[in-house]
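Trainee: Coordinates for the following, if possible.
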Amino acid sequence: MPQVAMDMTVFTNADWLDGLEYWDLQTPAQPIDLAGIELEVELRQSPPAETVVLKATTTNGLIVIYANTWQFKIPATTMMLLPPATYVYDMLGVADGYIRMLASGGVTVIQGVTRPPEVGGVTQVAMGSGAQVLGYVPTSVPP
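Mentor: All right, here's what the predicted structure looks like:
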């Protein structure tokens, strides 16, 4: 599979649900099955930065594979922990003893304005199985 350059804009008050489908170049095009491929993404402020701001994988459930499609499934409760900024990422695919770069680019995280009832005022956030995010959770929401 070729590497894809893909920039994304996401918000701190909404689920991150971007994804990508894979099709071959035959006529008619056939879906490329992604079953069995483990995916891993890390967001950092720059490639050499030590701090991983967000780690999403198929193992921790923040990336889901549906046949020929991968999709981020990062809930708003996790997104609210990300400091608004521009980050870089790449996505590695691991299968059959090989590691391939599948996608890379920038992610702009924008501070959301509206606080959904299930997010605003949350003092503890359930991160799911292995999600890793640096940031803070507000204990109160300004009026």
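Trainee: Just give the number of residues close to L34.
Mentor: Other residues within reach of L34, judged by other CB atoms under 10 Å, total 21. (C-beta placed from N, C-alpha, C; glycine too.)
Trainee: so how far is the lengthiest strand in the chain off the chain centroid?
Mentor: When the chain is parsed with DSSP state E, its longest strand is strand 98-110. Distance of strand 98-110 from its chain centroid, counting by CA atoms, centre = their mean, to the nearest Å, is 9 Å.
Trainee: before we move on, what about stretch 65-77?
Mentor: How far stretch 65-77 lies from its chain's middle: 8 Å, per CA atoms, centre = their mean.
Trainee: Go through that stretch and flag the buried ones.
Mentor: The neighbour-count check on stretch 65-77 (16 or more other CB atoms under 10 Å) flags I65, N68, W70, Q71, F72, K73, I74, P75, A76, T77 as buried.
Trainee: Which is the succeeding secondary structure element to the host helix or strand of the third one?
Mentor: Going back to what we said before, that points to W70. Per DSSP states H and E: W70 is located in strand 69-72. Per DSSP H and E, the first helix or strand lying C-terminal to strand 69-72 is helix 76-79.
Trainee: What count of nearby residues applies to the residue lying closest to N13 once chain neighbours are set aside?
Mentor: What sits nearest to N13 in space, not counting adjacent residues and going by CB to CB, 6 or more residues apart in numbering, is G112, at 2.6 Å. G112 has 17 neighbouring residues, counting by other CB under 10 Å.
Trainee: And for A14?
Mentor: 17.
Trainee: Nearest residue to it in space, please, no chain neighbours.
Mentor: Spatial nearest neighbour of A14, excluding adjacent residues (CB to CB, 6+ apart): A76 at 5.5 Å.
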